[in-house]
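>>> structure of the sequence below:
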Amino acid sequence: MAYDTIYDVIVCGAGTSGVAAAIGAARTGAKTLLVERTGTMGGQMSLSGPPGFAYARLFNPQGKRDIGGIVEETYQRLFRTGHALPHLRYPVREKAGYSFSYVDPEWWTMLMFEMMDEEGVELLLDTLVVGVTKDGGAVTGITVENANGRNEIRGKIVIDCTGEGYVAAQAGCQMDCVSREDIQPHTLAFTVDGVDWDTLLTYIREHPEQFSYRQLIFPYENANTQEDVMEMYRKCHDITELGELMGFYQLRDMAFKNGDWHPYSGAGFFLTPREGGHIQAHFQHSSQVDHALPTDAWDLTRCMVECRKQNLIAWRFFKNYVPGFKNAYITKVCTELRLREGPRIVGDYILTRDDVAECRQFADTIGKSSFKAGAYHVSSMDTLNACVTYPHHPRRRGHHGGGGQAGETDCCGPPAGPVRRACGRPPAGADGTLPRAEAGLCLPGDGGAGRGPAVGPGPSARAVLLKYGGVFGVFGRFSQLAVSTEVSHENIGNRPQRDGLPGRDGCGHPGHPGGRGAQPGV
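Next up, the predicted model:
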């Protein structure tokens with residue numbers, strides 16, 4: 001553990017993508033370093049969340065698993081120790097492909113520390129990556145600043161999981177970002193305890209029309225109807241059956257008229273479990289601040305200040321208007337913003353709306369997603385009142401797509417992410433020896449760059465943007481294969497070496513050859 005060590009793989013950022021990438025690389029035998037600017041791991045699972053979609057949508061409306069691998073492995077470990085709820089596959093939610101497998105975010109973070117130790121990943125915390133080192137066009141390492149001052153660390157592959165592609169930008173990758181005027185709003189989440197769930201559930205059963213139903217309706221055969229969702233609300237006696245709750249329309253509108261609600265978001269929350277099955281409410285949509293770029297520190301500061309003001313208004317509303325919240329109290333306010341959109345890396349292949357609408361499959365697919373496209377956050381009391389609508393396609397009757405909140409897709413399965421998206425373009429006018437990047441596994445309208453691109457040498461330097469847990473690990477393994485075989489990432493996707501990857505997420509583990517038992521079903 002010294003600055004003169006040469007690592008096989010350096011991962012920048014220890015959020016959800018960074019920890020999985022580090023595990024995936026280390027399990028190949030790669031000497032791996034994970035660098036994080038804060039003193040902990042978890043990113044959007046702990047510092048800015050957990051997001052409501054964490055460990056959600058693991059199963060599609062056909063009952064098939066779309067997401068497995070490292071996600072299922074960590075879920076099972078937490079479930080066995082009492083730090084996760086069972087897979088909540090209630091009928092109405094399963095039909096919509098919107099079920100939850102909640103995990104305790106604090107114990108998830110502690111598990112990550114255990115797994116780094118188990119896999120031999122070296123950690124360097126409280127360290128900011130401020131640049132990259134190069135040999136010509138190839139990235140050869142990173143420059144960091146911390147309590148030791150400024151130092152350089154050499155690595156054969158550098159994976160950028162900073163979330164906004166900061167390291168990839170420093171490497172000279174082609175980047176793109178929507179304007180300050182068009183970017184989706186960011187939010188600051190908080191968690192509360194002390195909710196009287198019985199009182200709240202009584203209100204829900206008596207006022208089902210006051211809650212959202214569109215997120216559970218899709219235009220395909222035998223899908224949920226509005227009445228199905230209303231009946232779910234009328235008969236619900238267990239808050240975990242709902243998983244998330246959005247609406248409170250009459251109460252919200254009354255509060256707004258009285259000056260007790262703000263006009264920037266809707267009212268609702270997700271759930272988060274604690275030890276012993278204890279349930280807390282997690283608010284991630286109660287504040288929304290737009291016209292802010294993640295690449296501008298002044299914008300981020302303004303967001304943090306304004307989100308706190310909006311959250312205070314929202315919390316007073318729940319305390320004073322919503323049944324069951326009279327004695328509730330805030331237990332946690334996240335320390336970082338939940339950034340919904342930011343810089344994107346331009347890749348050799350950019351996923352199109354038609355790719356998503358038709359569930360197009362690719363020979364070099366490395367990941368799939370059940371997260372529906374089309375939803376677009378806006379600063380209004382509807383939160384998601386701007387959506388992408390895809391034209392009707394006769395084969396689309398699945399679980400991923402637009403049509404407002406009622407998405408639809410091909411019944412053949414979830415949209416795929418080809419590895420060619422991990423093989424980016426050099427800057428305009430540059431030759432192929434310069435850093436390259438990909439557009440990431442961000443489906444149209446899904447809201448942002450996710451957590452991470454990757455840069456490193458090979459036949460030419462590379463950058464890879466990672467999004468979901470089922471894909472993070474495979475790029476850690478791809479990186480080690482690229483080092484050991486001197487084959488570029490995109491060519492590994494089409495070569496026999498790819499057959500050696502353990503499962504679709506690339507994070508096999510001892511005792512489970514190839515990780516096949518954890519791979520997603522398609």
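>>> need the longest strand for this structure.
Longest among the strand segments of the chain by residue count, using DSSP state E, is strand 149-160.
>>> check which residues of that strand are buried.
Under the neighbour-count criterion of 16 or more other C-beta atoms under 10 Å, strand 149-160 has I153, G155, K156, I157, V158, I159, D160 buried. For glycine as for every other residue, the C-beta is placed from the backbone atoms N, C-alpha and C.
>>> so which two of those residues are the farthest from each other?
K156 and D160 (14.8 Å; C-beta to C-beta).
>>> chain center to stretch 63-73: distance?
In terms of C-alpha atoms, centre = their mean, to the nearest Å, the centre of stretch 63-73 is found 14 Å from the chain centre.
>>> max-length helix in this structure?
When every helix of the chain is counted residue by residue (DSSP state H), the longest turns out to be helix 297-321.
>>> low-confidence stretches in the stretch 301-450 of the chain?
Across the stretch 301-450 of the chain, residues meeting the criterion (pLDDT under 70) sit at 368-375, 384-450.
>>> and the longest strand of the chain, what other elements does it pack with?
Using 3 or more C-beta pairs under 8 Å, 6 or more residues apart in numbering; DSSP states H and E as the contact test, the elements touching strand 149-160 are strand 6-12, helix 16-26, strand 32-35, strand 128-135, strand 138-146, helix 166-170, strand 454-455, helix 469-485.
>>> using PDB, write out the CA atom coordinates for the fifth one.
The one in question is strand 138-146. Provided in PDB are the C-alpha atoms of strand 138-146 (Å, rounded to 0.1, in the frame of the first residue of the first chain):
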ATOM      1  CA  ALA A 138      -2.700   6.100 -23.200                       C
ATOM      2  CA  VAL A 139      -3.900   6.600 -19.700                       C
ATOM      3  CA  THR A 140      -1.300   5.100 -17.300                       C
ATOM      4  CA  GLY A 141      -2.600   6.200 -13.900                       C
ATOM      5  CA  ILE A 142      -4.200   8.800 -11.800                       C
ATOM      6  CA  THR A 143      -3.300  11.900  -9.800                       C
ATOM      7  CA  VAL A 144      -4.800  12.200  -6.400                       C
ATOM      8  CA  GLU A 145      -4.900  14.700  -3.500                       C
ATOM      9  CA  ASN A 146      -5.400  13.700   0.200                       C
END
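>>> in that strand, what's buried?
Under the neighbour-count criterion of 16+ other C-beta under 10 Å, strand 138-146 has A138, V139, T140, G141, I142, V144 buried.
>>> for the fourth one, give me its contacts.
Same thing as G141. I10, V132, T133, E152, I153, R154, G155, V158 (C-beta atoms under 8 Å, 6 or more residues apart in numbering).
>>> pairing partners for it in the sheet, please.
For G141, the residues forming beta bridges with it (DSSP bridges) are T133, R154.
>>> distance check, it against R93.
Taking C-beta to C-beta, to the nearest Å as the measure, G141 falls 46 Å from R93.
>>> please apply the same query to the fifth one.
Note on I142: its distance to R93, by C-beta to C-beta, is 42 Å.
>>> repeat that for the third one.
In this structure, T140 lies at 48 Å from R93, with C-beta to C-beta as the measure.
>>> what does P61 give?
Applying C-beta to C-beta to P61 and R93 gives a distance of 10 Å.
>>> just S48 next, same as before
For S48, the distance to R93 - C-beta to C-beta - is 25 Å.
>>> got it, and D355?
D355 is 27 Å from R93, by C-beta to C-beta.
>>> for the helix or strand harbouring R252, buried residues please.
Per DSSP states H and E: R252 is located in helix 249-257. Buried residues in helix 249-257, counted by 16+ other C-beta under 10 Å: Y249, L251, R252, A255.
>>> restricting to C-alpha, output it in PDB.
In PDB, the C-alpha atoms belonging to helix 249-257 read as follows (Å, rounded to 0.1, in the frame of the first residue of the first chain):
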ATOM      1  CA  TYR A 249     -53.500  14.500  -3.900                       C
ATOM      2  CA  GLN A 250     -56.300  16.000  -1.900                       C
ATOM      3  CA  LEU A 251     -54.200  16.700   1.200                       C
ATOM      4  CA  ARG A 252     -51.300  18.000  -0.900                       C
ATOM      5  CA  ASP A 253     -53.600  20.400  -2.800                       C
ATOM      6  CA  MET A 254     -55.200  21.600   0.400                       C
ATOM      7  CA  ALA A 255     -51.700  22.300   1.800                       C
ATOM      8  CA  PHE A 256     -50.600  24.000  -1.300                       C
ATOM      9  CA  LYS A 257     -53.600  26.300  -1.100                       C
END
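>>> low-confidence ranges, this protein, go.
The chain contains residues with pLDDT under 70 at 1, 52-53, 368-375, 384-522.
>>> sorry, back to before: so how far is the longest strand of the chain from its chain's centroid?
25 Å.
>>> got the angle for that strand vs strand 6-12?
Interaxial angle, strand 149-160 versus strand 6-12 (axes from the mean of the first three to the mean of the last three C-alpha atoms, to 10 degrees): 80 degrees.
>>> wait, is T199 part of a helix?
Yes. The assignment for T199 (DSSP: H, G, I helix; E, B strand; the rest coil) places it in a helix.
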